[in-house]
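1. pasted the sequence and its predicted model underneath.
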Amino acid sequence: MAKIMVFGAAGRMGRRIISVIHEHEQVVLSGALEYAGNPLVGQDAGEIAGVGNLGIPIAGLVSDLPFAESDVLIEFTTPPATLANLKIAVEYQVPMVIGTTGMTVEEREQVRALAAQIPVVLAPNMSVGVNVLFKVVAEVAKILGDDYDVEILEAHHRLKKDAPSGTAVRLGEIVAEALQRDYQEVAVFERRGFTGERTREEIGMQTLRAGDIVGDHLVMFGGLGERLEIVHRAHSRDTFARGALRAALWVMDQQPGLYDMQDVLGLG
């Protein structure tokens, strides 16, 4: 029986992960964490997730969690909190699955450095479908080459704090790598006013925020006389939660290092 802790337990993703853990016969929730000021701290994690009392109160302090008795940690919080918690996971040698988005390049490098000591899965999107999208988009970009303009559009719910989404950024990076470009140099995040003609190298990154959209991502390859659009739409957060659980069960058996969902799914 795998024992899993969930950090960000009262959030939208945290609740769904706890629900999916509860449904699985070979895993059990061993701990749950939220930031200290969260009004749900102290309440039962199962009750908050809607699966009934699990006897696991949501902690507000990392020191109250059973690291020594847990097999893996799933984290969906904020970049600063994730880095702090990763250092503690390293101390206790607990493998970690990180779904936190909005990390800077420097923060991701810090994760990479710490992952030299424990196995870590870091992925902007845990969905199986999205990770197939990552692979397909890379191949399409290589085939179409520089003759097609690339635009990436993402839409999420009105409460999402980071933009563009981590998934959209990863799509941009994948396209840039396939076309031998530097994403940081060619990504264009806003067009306004008299911008002049579009350059051949740029990758447009467009963001929408509205209502309760779970997550839509569209990659457009625009050529002369035609365009190819590849779309993924998430209808429920359960697809991310199941992917995170799949990653957690996989990462427990790996050597120290930084992995992503492509590794988990064998798509690399």
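-> Nice, thanks for sending it over. Everything quoted here is computed from the prediction, not taken from an experiment.
2. can you count the residues close to residue 122?
-> Residues lying near residue 122 (other C-beta atoms under 10 Å) number 23. For the C-beta atoms, the positions are set from N, CA and C on the backbone; glycine is no exception.
3. against residue 232, how distant is the closest residue to it other than its chain neighbours?
-> In space, and not counting its chain neighbours, residue 122 is closest to residue 98: 4.7 Å by C-beta to C-beta, 6 or more residues apart in numbering. As judged by C-beta to C-beta, to the nearest Å, residue 98 and residue 232 stand 21 Å apart.
4. residue 134 now?
-> Residue 134 is 10 Å from residue 232, by C-beta to C-beta.
5. go on, residue 168?
-> Noted for residue 168: a distance of 11 Å to residue 232, by C-beta to C-beta.
6. sec struct for residue 4, please.
-> Judged by DSSP: H, G, I helix; E, B strand; the rest coil, the three-state class of residue 4 is strand.
7. any idea of the pLDDT on it?
-> On pLDDT, residue 4 comes in at 98.
8. and residue 101, by the same measure?
-> pLDDT at residue 101 comes out at 87.
9. check residue 87 too.
-> Here the pLDDT value assigned to residue 87 is 97.
10. surely it forms part of a helix?
-> Yes - according to three-state DSSP, residue 87 belongs to a helix.
11. how many other residues sit next to it?
-> Using other C-beta under 10 Å: residue 87 sits among 12 other residues.
12. can you pull the contacts of it?
-> residue 114 (C-beta atoms under 8 Å, 6 or more residues apart in numbering).
13. mind checking how far it is from residue 147?
-> From residue 87 across to residue 147, the span is 47 Å (C-beta to C-beta).
14. next, count neighbours for residue 92.
-> With other C-beta under 10 Å as criterion, residue 92 counts 14.
15. if you skip the residues just before and after it, what's nearest to residue 249?
-> Nearest residue to residue 249, sequence neighbours excluded (C-beta to C-beta, 6+ apart): residue 2, at 6.2 Å.
16. do the same with residue 1
-> Nearest non-adjacent residue to residue 1, counting by C-beta to C-beta, 6+ apart: residue 28, 5.6 Å away.
17. on the C-terminal side of the helix or strand the one you found falls within, identify the next helix or strand.
-> Assigned by DSSP states H and E, residue 28 belongs to strand 27-33. Next in sequence after strand 27-33, counting helices and strands by DSSP H and E, comes helix 45-49.
18. the strands in this protein, which residues?
-> Using DSSP state E, the strands of the chain run over 2-7, 27-33, 72-75, 96-98, 119-122, 149-156, 187-188, 203-209, 215-223, 226-234, 257-259.
19. what would the ones you listed look like in TSV with distance to residue 57?
-> Compiled in TSV, the strands of the chain are given as follows (distance: least, C-beta to C-beta, whole Å):
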stretch	distance to residue 57
strand 2-7	13
strand 27-33	8
strand 72-75	17
strand 96-98	22
strand 119-122	27
strand 149-156	30
strand 187-188	43
strand 203-209	33
strand 215-223	30
strand 226-234	30
strand 257-259	31
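20. for residue 41, which residues are in contact?
-> By C-beta under 8 Å, 6+ apart, residue 41 lies in contact with 34, 58-60.
21. neighbours around the residue lying closest to residue 223 once chain neighbours are set aside, how many?
-> Spatial nearest neighbour of residue 223, chain neighbours left out: residue 148 (4.6 Å); criterion: C-beta to C-beta, 6+ apart. Residue 148 has 19 neighbouring residues, counting by other C-beta under 10 Å.
22. done for today, thanks.
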